[in-house]
Each structure stands twice: as structure tokens, then as C-alpha cells.
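Visitor: Sequence below, structure please.
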Amino acid sequence: MTRAKRRPWVPEALEAGIAERVGRYAALSADALEAELAGTLARHEQLHDREVVNLYAGTNLVNPRAAAFLARSVGSRPSLGWPGDKYETGLVHAQEIEIMAQALICEIFRCAFCEFRVASGSLANLYAFMATCRPGDRIMAFPEKAAGHVTHHAQGAAGLYGLEVHEVPIDDAAFTVDLDRLRHEARRLRPKLIVVAGSLNLVPHPVRAVRAIAEEIGAFVMYDAAHMSGLIAGGLFQDPLAEGVHLVTMSTYKSLGGPPGGLVLTNDPELAERLDRIAYPGLTANFDLARTAALVVALLDIAEHGAAYARAMIENARALGNALAREGVPVVAPEGAFPTRSHHLAIDARPFGGGTTASRAIEPANILVSGIGLPLPPVPGDFNGIRIGTQEVTRLGMGADAMERVARLLADALLARRPLEAVRADVIALRRAFRTLHFVR
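Guide: Alright, predicted model coming up:
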């Protein structure tokens, strides 16, 4: 095995650790390396599927029947073009998977057009930027303090595509758009696109009012529903298309509970045609039909259980947030919406040294969370917030009683009330009662 060269842009300590493992793997035979791979996967599955309470907002469990479809051989077959007019021959059966997916997506999300050949939510955002803007155009997007996603910013897809990014003004107390300031800034900047929502959404956003401002200046409006897709499908958060956005982008996992991937939704036929051409012959070309088949199974779960699942996620978030506050954890929420109106929660991470610092500190307790930007004073070199999502614990069947226990364990770890090893043992014990997926057909 050829040794990889050192990457000077990677922190030296990290690169040294990676290099040590590269050397170890390079010395293994093919059989030994495959055995190491199998063992690594088994250890990961043991940890995540049996031993942790996963409150990270960007993940979920997938229906095992959907997961089995990911391994089907159709995933290795290319599929270029529209069903009925494929570049390759022999796709008479496989192309039906595309039609099934398209029909279900449009039904569940109440939209006229969808682009499902997208490999991730981040790429879905790039597709939306390309469909509405040209390099050099201005856009406005949520800033980091309002959990604006990196793909909306200069260092992500927006900047890589050559867009000039400006901040959507935020009402810090309300955790959403400051409409008066947005109107003023939009008239001054005249952006081509206004992006609404981000990676933490505690309340619905004023989509209709943003669309009215966009109409004044001839701008498009895009809603990033990467985290909210399951709640939108369940009809219990907000319906951005019905409220006037031109495009909705999203991930197919997270609160939707499907395999990894992305979607772009629209009711505008001109935008739909641009997206179609961006996908093929543009950027997507070949895509994973096995993943598409798995998505169909996941969408069937949502079609049957979406409303109940969305309701349970929100109820669990509210129960967990209130319980955390009683335990002395500094839960942060918009005025009049404590602790949340979604399946997301936010914690002030400043007392714990920052969101990423705190997340890593409690990881040995087998409780998984992540850092996030909040409209609070900053923490130098770190996020000032901790983000929690209830989508996975809800799918495992946890309810209000379990949320009380989770809150106690999380508070024990964050507030250093007990040794992390003791908390970890209790987390593993809790998970023994919650190993079966709910809200699946």
C-alpha cells in the first residue's frame, strides 16, 4: 500500500495519529485488513445501536428493510436520463424505482416537482444556488449565530460557487428573522436569493413575510429544511412551499429517517427544469438506485406514521427541555416559546467552555450532542451553544418518562455531578430497554 503524504493543512497532532494508523493498515494483508474493517464496523454498531443516547441533531436510524435495500446490486448500475429514455439499455425494471420515489416525495411533501438524485443535503443547497443564481450574485443567509449552515456561507457551497454572501438580520430574542432590518438590507443589497432556516430551528420562520420582501426586489426564497424534513412531512411545523418559498432543500435522513441523501422541492416548473438539467447531464449523472429504493421504503414509513412521529419528536423535545431546566442546565429558547416548538433544543454552552468542548467532554458518558451558534455572546474558538435533537431517541420508542432519565444523565455529565464512567453505565442500562425501532411499517 502506498503511503499517503503528509498534509500540511491538517493539524500536526491529528495528522500524526492518522499517519500512525495508515502505517499499521499498510502492513496488513488483504484478509487481515478486511477482518479489521469488519471488526471496526461491529464495534461502531455496538456503540451506536446499543450503548449510546444519541441526541446529535444530524442523525437517525433507518428502517432495517430500507437498510437492506442499500446492498442490492442495482446500486452499482448507472442510470442516465429520464425513465423511458435512458442512455443505457437494460433499465426497464430499475427505472421504476425512480418513478416510485418521485411519486412518494411529491405526495408526502405536497409539491409539484422534486429532484431526488442528489447525494446530500449540502449538494441540494448547491443545486438550489445554481438554479437561482450565477457566480458573482449576492445572496442573504442566516449567520452562524442563528445556526446558518456552512453551505450557505463563503467557506461552503455558496462561496465555492462564487456567490457573495450577506447575513439575514436576526431578531436575537425571537431566534428568527428581523423583518424590518431584512427589508432595509434587501432593498440596499438587492440579493438574488434569500435563504431561510439553518441547522437549529426552535420556531417556525416568517416565510410569507420574507417572500413579500423578496417580491419587492425580484429575489428567490429558499428554505433549508435539512433538519425539519420529518416535521414538515408530518404537517406539524410549517409548510415552506405553501407559505411561498420557491425552493426547499433537505436531507433524507435526520428527522425523515431515510438513507443519506438530499432533495430539492419546488412548485415552479422553470426552476424544476433547471434543477433537472443540473442533475443530468450536469452534476449528478449516475446516482445510487439502491439508495433510492431504500428511500422509497423510508418514505412509506413517513406516509403511514409521519404525523405521529413528528408529534412524538416535538413532545419529547419539550419534555426533555423542561426536565433539563429543572436539573439546572441552562436551556436557551426564544421569547414565548420555551423550551422549543420543534424537535430541537438549545443549551447555553458558555459555562462549559463552548459547545464542541462540552460535547467532547461528555462523550465518554455515551451521550452524543454537538456545538451550534446561538444569538449569545461568543466563546472564542468554539460555538457558544449545544444543540440537541430528539429524532433518534423518539424512533427508539422513548417517551416523557425516558426524557426525565435522559435529562438527569445529561445534567450529571454536563454539570460534573457524577463520574462519567458511572453515567456511562447508566446510559447503557437505559438503552437496554430501547432497541426496537418505532414508527416503521
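
Visitor: E20 belongs to a strand?
Guide: No. Counting by DSSP: H, G, I helix; E, B strand; the rest coil, E20 falls outside a strand, being helix.

Visitor: what separates it from A27, distance-wise?
Guide: Relative to A27, E20 is positioned 11 Å away (Cβ to Cβ, to the nearest Å). Just so you know, the C-beta spots here come from the backbone N, C-alpha and C atoms, and that holds for glycine as well.

Visitor: right, and Q391 touches I314 too?
Guide: No. Judged on Cβ atoms under 8 Å, Q391 makes no contact with I314 at a distance of 10.5 Å.

Visitor: who touches both of these two?
Guide: H343 (Cβ atoms under 8 Å, 6 or more residues apart in numbering).

Visitor: Name the residue in these two with the higher neighbour count.
Guide: When Q391 and I314 are compared for neighbours, Q391 comes out ahead with 30 against 21, by other Cβ atoms under 10 Å.

Visitor: and the residue nearest to that one when sequence neighbours are not counted, how many neighbours?
Guide: Once flanking residues are discounted, Q391 sits nearest to S255: 4.5 Å by Cβ to Cβ, 6 or more residues apart in numbering. Neighbours of S255 under the rule other Cβ under 10 Å: 34.

Visitor: Surely T249 forms part of a strand?
Guide: Yes. Counting by three-state DSSP, T249 falls inside a strand.

Visitor: ok, the residue nearest to Q391 touching L231?
Guide: Yes. Using Cβ under 8 Å, S255 is in contact with L231, at 5.9 Å.

Visitor: what residues are shared contacts of these two?
Guide: Common neighbours of S255 and L231 (Cβ under 8 Å, 6+ apart) are A310, M313, H343.

Visitor: Looking at the residues you listed, which are in helices?
Guide: If you go by DSSP state H, the shared contacts of S255 and L231 have A310, M313 in helices.

Visitor: can you map out the helices along the stretch 251-400 of the chain?
Guide: Secondary structure of the stretch 251-400 of the chain (DSSP state H, counting those that start in this stretch): helices at 269-277, 289-326, 355-362, 391-395, 400-414.

Visitor: what's next to the shortest one, contact-wise?
Guide: Yep, that's helix 391-395 we're talking about. When contacts are defined by Cβ under 8 Å, 6+ apart, helix 391-395 is touched by residues 53-57, 59-61, 230, 254-255, 257, 309, 312-313, 316, 343, 402-403, 406, 434, 437-439.

Visitor: Which parts of that helix count as buried, going by neighbours?
Guide: Neighbour-count burial for helix 391-395, with 16 or more other Cβ atoms under 10 Å as criterion, is recorded at Q391, E392, V393, T394, R395.

Visitor: for it, what is the average pLDDT?
Guide: Per-residue pLDDT over helix 391-395 has a mean of 98.

Visitor: Only the C-alpha atoms, please, for that helix, written as CSV.
Guide: Output in CSV follows, covering the C-alpha atoms of helix 391-395 (Å, rounded to 0.1, in the frame of the first residue of the first chain):
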residue,chain,number,x,y,z
GLN,A,391,-35.4,12.3,16.3
GLU,A,392,-33.4,9.2,17.1
VAL,A,393,-34.4,8.7,20.8
THR,A,394,-38.0,9.1,19.7
ARG,A,395,-37.6,6.5,16.9
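
Visitor: Distance from the chain centre to that helix, please.
Guide: On the basis of Cα atoms, centre = their mean, to the nearest Å, the separation between the geometric centre of helix 391-395 and that of its chain is 14 Å.

Visitor: The helices of the stretch 251-400 of the chain: which one's closest to F383?
Guide: Smallest distance to F383 across the helices of the stretch 251-400 of the chain (Cβ to Cβ): 3.5 Å, for helix 355-362.

Visitor: helices or strands next to the closest one in the packing?
Guide: In terms of contacts (3 or more Cβ pairs under 8 Å, 6 or more residues apart in numbering; DSSP states H and E), helix 355-362 is packed against strand 370-372, strand 385-389, helix 400-414.

Visitor: can you state the direction angle for it and helix 400-414?
Guide: Calculated by axes from the mean of the first three to the mean of the last three Cα atoms, to 10 degrees, helix 355-362 forms an angle of 100 degrees with helix 400-414.

Visitor: circling back to that earlier point, look up how far T340 lies from the residue nearest to Q391.
Guide: For S255, the distance to T340 equals 13 Å [Cβ to Cβ].

Visitor: likewise M313?
Guide: 10 Å.

Visitor: Specify the beta-bridge partners of the nearest residue to P143 once chain neighbours are set aside.
Guide: Spatial nearest neighbour of P143, excluding adjacent residues (Cβ to Cβ, 6+ apart): E167 at 4.3 Å. Assessed by DSSP bridges, E167 has beta-bridge partners A141.
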